[in-house]
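>>> A structural model of the following input is requested.
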Amino acid sequence: MDETAYLLSISGLSSDHRLPTELQFAILESLLLTKPKSSSKLLRTIAYVCRDWRDWAYETLFRNIEIAADVHGLRALTDLCIASAESSQQLNLSHERIHRDLGSFIRFLAINIGQATGHGMIVLSDLVAFLAFAPNLEDLCLTIVQPESVIQDLADTDSPFLLPSLSTLRIKSFEKTSRSVCLVVARCPSLKHLTLELMVEQPDHDPMGARPPNGLISFRSIGCFDPGHSILDYFALQSSGDSLRAIELHRAQSLNFLLQLAKIRGKSIESITLRSMEPSIVRTWEAMIGQFTALQHLSIWGMPSNTTLQSICALELRYFEFRRPWTHAYKDTPQVNELVAFLKACPVLHALGYHSAKPIEVIDELAAERKLALTWNENYYIDGYMEDGPLYGSVLVVADTCLSTPTSKHDETTSF
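Numbering: from 1, shown residues only. Predicted coordinates:
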């Protein structure tokens, strides 16, 4: 052991905790292929010999995990966490240094519940078994393919499913029920950021006794169809307190919901993203956007009309984003000029983003003149509509902080 420590010290590994990539993945491959009965011994050996970089390697390799629908991958990861917990417990009995379990480094997980595949189907009990060894999980992307199976388990008040450390949750669902969504959210007492991607309309809303979350900072509705205003009311309007600062809406929500949103949250919402600006909803926003008096971040997935621009309370606006539909190129010069005039009148604007078929010269000149942070993305879509990007999405700028949409903490994700 002394010789090993000496070699580590002269190689520089003990100072920067770095290992050759080839060695990292050789170790990872050994861990994954090792049978459960000998995993504990292997992990304990690695901890003894390589303790100078053990935590760094665990965090690099296991911080972000994508399981998808592979039940064998989830069970293998759970077995690995069990073995790590056993080895850490033994190491901590004989060493002054505290050795953390592998599961404690996991921060992000993407997983599908109820999707039947050739790899088997993951059920909620499989996820519960894993969560027992991931006490610091912060970010979960949960796809619920068969909500009824989740509802059956979570309807029991004694269900062990609980996510006390989770701050960011993204739920995708393909069924006509919102019950599973409400029951899952109710098990996340520290939730701050919620994204719903409900792929079909939710005509019946039944929270099954669950209460709306308190303390939500951001709420995103990004489903392909109208999720139904009842579930939007539940999360955006019925929660107590005024912590909600950022909201993202997709398609044309009901007029009643939007009017209530402006009335209840108009003075506290700092970030609004409107993902699809159909003609009917444009007129509604023209009439009510002025009621949001604390706006700092505004993203409009379309070319805003002059009426909309004139109605925006822009005194505190720091970031503005718009999308110029492909069919509007060279036909909307008056709109572009109106937009430039609006941007010039924003006193504290410091960042600007837009999507278009090609860069807009007058916008770029304005950004250079005012020294604005500028982001341009090419837009090929004929109708100007652009679907959500990768899971690691945009950032909502609010006050002096950044409210991230559900995102991993590092770029690299380990798939099982």
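
>>> quick one: Glu321 is in a strand?
Yes. Read with DSSP: H, G, I helix; E, B strand; the rest coil, Glu321 is one of the residues of a strand.

>>> any low-confidence regions in this structure?
1-53, 95-97, 119, 157, 176, 200-204, 224-228, 252, 326-331, 380-416 (pLDDT under 70).

>>> which SSE is immediately downstream of the lengthiest helix in it?
Determined from DSSP state H, the single longest helix within the chain is helix 71-94. Following helix 71-94 in sequence order, the next helix or strand is strand 108-113 (DSSP states H and E).

>>> that older thread, run the chain-centre distance for the longest helix of the chain.
Centroid displacement of helix 71-94 relative to its chain, using CA atoms, centre = their mean, to the nearest Å, is 27 Å.

>>> the stretch 251-400 of the chain: strands as residue ranges?
Under the criterion DSSP state E, counting those that start in this stretch, the stretch 251-400 of the chain carries strands at the ranges 271-274, 297-300, 319-323, 351-356, 373-378, 395-398.

>>> so how far is the second one from its chain's centroid?
Read that as strand 297-300. On CA atoms, centre = their mean, the centre of strand 297-300 falls 18 Å from that of its chain.

>>> tell me what that strand is packed against?
strand 271-274, strand 319-323, strand 395-398 (3 or more CB pairs under 8 Å, 6 or more residues apart in numbering; DSSP states H and E). (Glycine included, C-beta is placed from N, CA and C.)

>>> what does the fifth one give?
If contacts are counted by 3+ CB pairs under 8 Å, 6+ apart, strand 373-378 sits against strand 351-356, helix 361-370.

>>> may I see the buried residues of the last one?
Within helix 361-370, the residues that qualify as buried are Ile363, Leu366, Ala367, counting by 16 or more other CB atoms under 10 Å.

>>> what does it contact?
Helix 361-370 has contacts (CB atoms under 8 Å, 6 or more residues apart in numbering) with 336-337, 339-340, 343-344, 349, 352, 354, 372-374, 376.

>>> quick one: contacts for Pro135?
Contacts of Pro135 by CB under 8 Å, 6+ apart are Gly103, Ser104, Pro164, Ser165.

>>> roughly how far apart are Ala129 and Pro207?
27 Å (CB to CB, to the nearest Å).

>>> let me redo that: Ser239
Relative to Pro207, and taking CB to CB, Ser239 is found at 12 Å.

>>> likewise Gln291?
28 Å.

>>> got it, and His99?
In terms of CB to CB, His99 sits 42 Å off from Pro207.

>>> what does Arg323 give?
From Arg323 over to Pro207 (counting by CB to CB), the distance is 34 Å.

>>> now do the longest helix of the chain against strand 108-113: the angle between them, please.
140 degrees (axes from the mean of the first three to the mean of the last three CA atoms, to 10 degrees).

>>> how about helix 71-94, which residues are buried there?
Judged by neighbour count (16+ other CB under 10 Å), helix 71-94 contains these buried residues: 71, 73-88, 90-91.

>>> what helices or strands is that helix leaning on?
Counting by 3+ CB pairs under 8 Å, 6+ apart, the packing neighbours recorded for helix 71-94 are helix 21-33, helix 36-49, strand 64-68, helix 124-131.

>>> how far away from the center of its chain is whatever helix or strand comes next after the second one?
Later in the chain than helix 36-49, the nearest helix or strand by DSSP H and E is helix 54-62. Counting by CA atoms, centre = their mean, helix 54-62 is centred 22 Å from the centre of its parent chain.

>>> just checking, what packs against helix 54-62?
Other elements packing on helix 54-62 under the criterion 3+ CB pairs under 8 Å, 6+ apart are helix 21-33.

>>> what about 6 Å?
For helix 54-62, there is no helix or strand it packs on, judged by 3 or more CB pairs under 6 Å, 6 or more residues apart in numbering; DSSP states H and E.

>>> quick one: it to helix 71-94, angle?
Using the same axes, to 10 degrees: helix 54-62 against helix 71-94 is 170 degrees.

>>> pull helix 54-62 out as PDB, backbone CA atoms only.
Only the C-alpha atoms of helix 54-62 are listed here, as PDB (Å, rounded to 0.1, in the frame of the first residue of the first chain):
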ATOM      1  CA  ARG A  54     -12.300   7.100  -5.700                       C
ATOM      2  CA  ASP A  55     -14.900   9.800  -5.000                       C
ATOM      3  CA  TRP A  56     -13.900  11.800  -8.000                       C
ATOM      4  CA  ALA A  57     -14.200   8.700 -10.300                       C
ATOM      5  CA  TYR A  58     -17.600   7.700  -8.700                       C
ATOM      6  CA  GLU A  59     -19.000  11.200  -9.300                       C
ATOM      7  CA  THR A  60     -17.700  11.400 -12.900                       C
ATOM      8  CA  LEU A  61     -19.100   8.000 -13.900                       C
ATOM      9  CA  PHE A  62     -22.300   7.800 -11.900                       C
END
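
>>> buried ones in that helix?
Arg54, Asp55, Trp56, Ala57, Tyr58, Glu59, Thr60, Leu61, Phe62.

>>> can you list the residue ranges for helices in the stretch 151-300 of the chain?
Ranges of helices within the stretch 151-300 of the chain are 179-186, 229-232, 255-265, 279-288, based on DSSP state H, counting those that start in this stretch.

>>> still on that earlier bit, reformat the buried residues of helix 54-62 as TSV; add distance to Ser173.
TSV is the format used below for those (distance: CB to CB, whole Å):
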residue	distance to Ser173
Arg54	39
Asp55	36
Trp56	37
Ala57	36
Tyr58	32
Glu59	31
Thr60	32
Leu61	31
Phe62	27
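
>>> and of those, the nearest to Leu183?
Nearest to Leu183 among these: Phe62, at 28.2 Å, using CB to CB.
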